[in-house]
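>>> got a structure for you, letters missing:
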């Protein structure tokens with residue numbers, strides 16, 4: 001099955017390629033096909049709905065590529081911030097860089113003890129066979145704690161601050177295979193792959 005994955009994020013692209021490796025899918029990305037970004041993509045990522053963001057990107061890239069499309073929207077939800085930044089995670093700070101986003105998050109949690117720094121990564125993945133089809137949606141989460149300083153240089157986004165209770169290390173410290181095993185994106189894409197494999201049999 002040929003698929004277009006609607007993301008232009010280098011970090012997501014790398015992880016999703018790894019998650020599909022060795023499976024019977026021909027996966028490409030907008031940059032591979034020289035597709036222009038969704039015009040309102042930056043505004044979408046300021047939305048309050050993961051599902052809306054994921055479906056909009058999948059529908060756009062399905063229409064532009066002529067292929068079945070997959071797109072995810074994900075974010076970190078910090079309990080002490082009422083679930084923020086959530087769908088706005090990638091553009092939480094003024095600049096939207098990983099470094100500035102992490103700095104802002106640390107400032108907002110300054111002085112809080114570990115038991116008040118709980119957080120969850122959430123990932124919503126949408127699949128559309130055609131631009132007009134009803135989307136199939138899968139969702140996954142993983143739990144952790146926001147540390148007071150970054151640890152590790154792997155991953156991207158908030159990974160150096162997100163301490164996984166399952167791995168006993170941050171996602172920034174975790175080897176890719178270990179992160180994929182427990183991460184929100186790893187779990188969501190494995191669930192989607194099961195759906196796609198059933199459809200193809």
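Perfect, I can see it now. Quantities reported herein were computed from a predicted structural model and do not represent experimental measurements.
>>> pLDDT score for residue 118?
As predicted, residue 118 sits at a pLDDT of 98.
>>> Find the nearest non-adjacent residue to it, please.
Nearest residue to residue 118 in three dimensions, chain neighbours excluded: residue 79, at 4.8 Å (CB to CB, 6 or more residues apart in numbering). Placement of C-beta: from N, CA and C, glycine included.
>>> Could you do residue 12 as well?
In space, residue 12 is closest to residue 72, 7.1 Å off (CB to CB, 6+ apart).
>>> part of a helix, is that neighbour?
No - applying DSSP: H, G, I helix; E, B strand; the rest coil, one finds residue 72 to be strand, outside a helix.
>>> now the strands for the protein?
Remark: strands assigned in the chain by DSSP state E are 2-5, 26-28, 69-78, 118-128, 136-146, 162-164, 169-170.
>>> Point out where the chain drops to low pLDDT.
Along the chain, segments meeting pLDDT under 70 span 39-48, 201.
>>> Spell out for me which residue occupies the centre of it.
When the chain is reduced to its mean C-alpha position, the nearest residue by CA atoms, centre = their mean turns out to be residue 74, at 3.8 Å.
>>> Spit out the contact partners of the closest residue in space to it that isn't next to it in sequence.
Closest residue in space to residue 74, ignoring its immediate chain neighbours: residue 123 at 4.0 Å, by CB to CB, 6+ apart. Shown in contact with residue 123 (CB atoms under 8 Å, 6 or more residues apart in numbering): 50, 72-74, 139-141, 183-185, 187-188.
>>> Weed out the non-buried ones from those residues.
Buried residues within the contacts of residue 123, defined by neighbour count using 16 or more other CB atoms under 10 Å: 50, 72-74, 139-140, 183-185, 187-188.
>>> Including distance to residue 60, could those residues go into CSV?
Formatted as CSV, these follow (distance: CB to CB, whole Å):
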residue, distance to residue 60
50, 16
72, 14
73, 13
74, 18
139, 21
140, 23
183, 25
184, 23
185, 20
187, 25
188, 20
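>>> Buried ones in stretch 156-173, by neighbour count?
156-164, 167, 169-173.
>>> so what's residue 10 closest to, chain neighbours aside?
The nearest residue in space to residue 10 (CB to CB, 6+ apart) is residue 156, at 7.6 Å.
>>> typo on my end, residue 159
residue 171 (3.6 Å).
>>> Can you tell me how far the one you found is from residue 125?
18 Å (CB to CB, to the nearest Å).
>>> and what of residue 17?
Plainly put, residue 17 is 15 Å away from residue 125 if you go by CB to CB.
>>> Alright, calling it a day.
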